[in-house]
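>>> coords please:
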Amino acid sequence: MNNAILRTLAMTAEFRPLSPRDVEVATVDITAPPSNQGPVIFTGDDGSTVAWIPGEYHTLVRVNLGAIRVRGTPGDVLTLVGGTW
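Numbers count the residues shown, from 1 in each chain. Alright, predicted model coming up:
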């Protein structure tokens, strides 16, 4: 079953997953909008952190959104657009 993913995720000071589900495999365009005040921090696959500056975006293909964790400046957001195809 294919599902569209259209979500805005509000940033918090604590790391949290991109999905409330433990496993949600999808292909998505993720954007840190240019209006964000600070970077969005992702946990890398090796446990390191990676900062995305405001305006940065990438396409992630068939990733588990439940395993990707982010944090940022409260009030900032990430947008996710894609689906489970």
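>>> The closest residue to Leu9 other than its chain neighbours is in what secondary structure piece?
Spatial nearest neighbour of Leu9, chain neighbours left out: Leu78 (4.7 Å); criterion: Cβ to Cβ, 6 or more residues apart in numbering. C-betas here are computed from N, CA, C, even on glycine. Element membership of Leu78 [criterion: DSSP states H and E] is strand 77-83.
>>> Pull the residues that contact that strand.
2-11, 18, 26-33, 36, 40, 59, 65, 70, 72 (Cβ atoms under 8 Å, 6 or more residues apart in numbering).
>>> One more pass at 7 Å, please.
For strand 77-83, the surrounding residues in contact (Cβ atoms under 7 Å, 6 or more residues apart in numbering) are 2-11, 18, 26-33, 36, 40, 70.
>>> Now the buried members of those.
Neighbour counting over the contacts of strand 77-83 (16 or more other Cβ atoms under 10 Å) leaves 5, 9, 11, 18, 26, 28, 30-32, 36, 40, 70 as the buried ones.
>>> list the contacts for the residue nearest the centre of the chain?
For the chain, the residue nearest the mean C-alpha position is Leu18 (5.0 Å; Cα atoms, centre = their mean). Taking Cβ under 7 Å, 6+ apart as the criterion, Leu18 is in contact with 9, 65, 68, 70, 80.
>>> Quick check: it vs Gly82, distance?
Going from Leu18 to Gly82 by Cβ to Cβ, to the nearest Å gives 11 Å.
>>> cool, and Ala13?
26 Å.
>>> quick one, which of these two is more surrounded?
Just comparing Ala13 and Gly82: by other Cβ atoms under 10 Å the higher neighbour count belongs to Gly82, 20 against 8.
>>> On the strand side of things, show who the nearest residue to the more buried one once chain neighbours are set aside bridges to.
Spatial nearest neighbour of Gly82, excluding adjacent residues (Cβ to Cβ, 6+ apart): Val28 at 3.3 Å. Using DSSP bridges, the bridge partners assigned to Val28 are Leu60, Gly82.
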